[in-house]
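1. Quick one, what's the 3D model for this:
(chains A and B)
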Amino acid sequence: DTAVSQTPKYLVTQMGNDKSIKCEQNLGHDTMYWYKQDSKKFLKIMFSYNNKELIINETVPNRFSPKSPDKAHLNLHINSLELGDSAVYFCASSQDRPWTSGRRETDTQYFGPGTRLTVL
Amino acid sequence: AQKITQTQPGMFVQEKEAVTLDCTYDTSDPSYGLFWYKQPSSGEMIFLIYQGSYDQQNATEGRYSLNFQKARKSANLVISASQLGDSAMYFCAMREGFPVTSGSARQLTFGSGTQLTVLP
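-> The predicted structure follows:
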């Protein structure tokens, strides 16, 4: 069974469109993340949700809006897509319980397969 | 200053030999975790190994071991008995600090990666 899943795997769309990427984890984790990997393979955090609450919101255009309907899901909606949004987007999750931090089991983030977004 | 530095953009190793991938980090936080991830050409991010800042022993996971030198702030990955399937991009990453509330989460900060090629 897939631990962290994302749909779609590939997304090709025109500039100006609105699109969503879905993420689900069946690990029972408390925290979920969105990362962006650019064309040079550099990975950077975009958002983090803990128990459906937004915790981290890095400097990301407000065209990007995460939505967490429940602990197991974190979706990414992107409005008015631009050429520069082309990248691979990874969802990840971790157990991240504060009273047990500093352990492999709680700190490790597990990644989904990624969604390759191409904006034409 | 960069928090995670991987100075080897590309490395080559002969099959069955050992290889060391370098990673140095920068943090003033006494509590942190260090990770290595593998990204094969198929694109997924695969967790390999974790080292907590308070761990007394170097982490090992099968053919992977982490050479943790705290005073030097280095966390090099050693792959023993390289296999053709080890050819991939390898990322070093760090998480800093213990969460102080249940509503906090800590993102991973990644290095720029090392592309490892295993030669037959």
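2. contacting residues around stretch B:61-76?
-> Residues from elsewhere that reach stretch B:61-76, judged by C-beta atoms under 8 Å, 6 or more residues apart in numbering or on different chains: B:20-27, B:34, B:36, B:48-49, B:51, B:53, B:55, B:58-60, B:77-81, B:92. No exception for glycine: its C-beta is placed from N, CA and C like everyone else's.
3. Mind checking what secondary structure the spatially most central residue of chain B has?
-> When chain B is reduced to its mean C-alpha position, the nearest residue by C-alpha atoms, centre = their mean turns out to be B:Trp36, at 2.9 Å. Using DSSP: H, G, I helix; E, B strand; the rest coil, the structure places B:Trp36 in strand.
4. ok, it touching B:Val78?
-> No. The pair B:Trp36 and B:Val78 does not pass the contact test of C-beta atoms under 8 Å, sitting 10.1 Å apart.
5. what sits in contact with each of the two?
-> With C-beta under 8 Å, 6+ apart, B:Trp36 and B:Val78 have common neighbours B:21, B:64, B:66.
6. Out of the contacts of stretch B:61-76, which end up buried?
-> Buried subset of the contacts of stretch B:61-76 (neighbour count, 16 or more other C-beta atoms under 10 Å in any protein chain shown): B:21-25, B:27, B:34, B:36, B:48-49, B:51, B:53, B:55, B:59, B:77-79, B:92.
7. ok, and of the residues you listed, which contact chain A?
-> Cross-checking the buried ones among the contacts of stretch B:61-76 against chain A (C-beta under 8 Å from any C-beta of the partner chain) gives B:Ser53 as the overlapping residues.
8. A helix includes A:Gly84, no?
-> Yes. Note on A:Gly84: a helix contains this position according to three-state DSSP.
9. do you know how far it is from A:Lys36?
-> Counting by C-beta to C-beta, to the nearest Å, the gap between A:Gly84 and A:Lys36 amounts to 11 Å.
10. Comparing the two, which shows the higher neighbour count?
-> When neighbours are counted by other C-beta atoms under 10 Å in any protein chain shown, A:Lys36 comes out ahead of the other of A:Gly84 and A:Lys36, with 20 against 9.
11. can you give me the strands in chain A?
-> Taking DSSP state E as the test, the strands found in chain A are A:4-7, A:10-13, A:19-25, A:31-37, A:43-50, A:53-57, A:64-70, A:73-78, A:87-94, A:110-111, A:115-119.
12. Between those strands, which has the poorest mean confidence score?
-> Averaging pLDDT over each of the strands of chain A singles out strand A:53-57 as the lowest, with a mean of 77.
13. which residues are there in chain A that come within reach of chain B?
-> Checking chain A against chain B by C-beta under 8 Å from any C-beta, the hits are A:31, A:33, A:35, A:40-45, A:48-51, A:53, A:55-56, A:58, A:88, A:90, A:92, A:94, A:96-98, A:101-104, A:107-111, A:113-114, A:116.
14. ok, the residue lying closest to A:Phe64 once chain neighbours are set aside - contacts?
-> Leaving aside its sequence neighbours, A:Phe64 sits nearest to A:Ile78 (C-beta to C-beta, 6 or more residues apart in numbering or on different chains; 5.5 Å). If a contact means C-beta under 8 Å, 6+ apart, then A:Ile78 has A:18-21, A:63-65, A:85, A:117 as its contacts.
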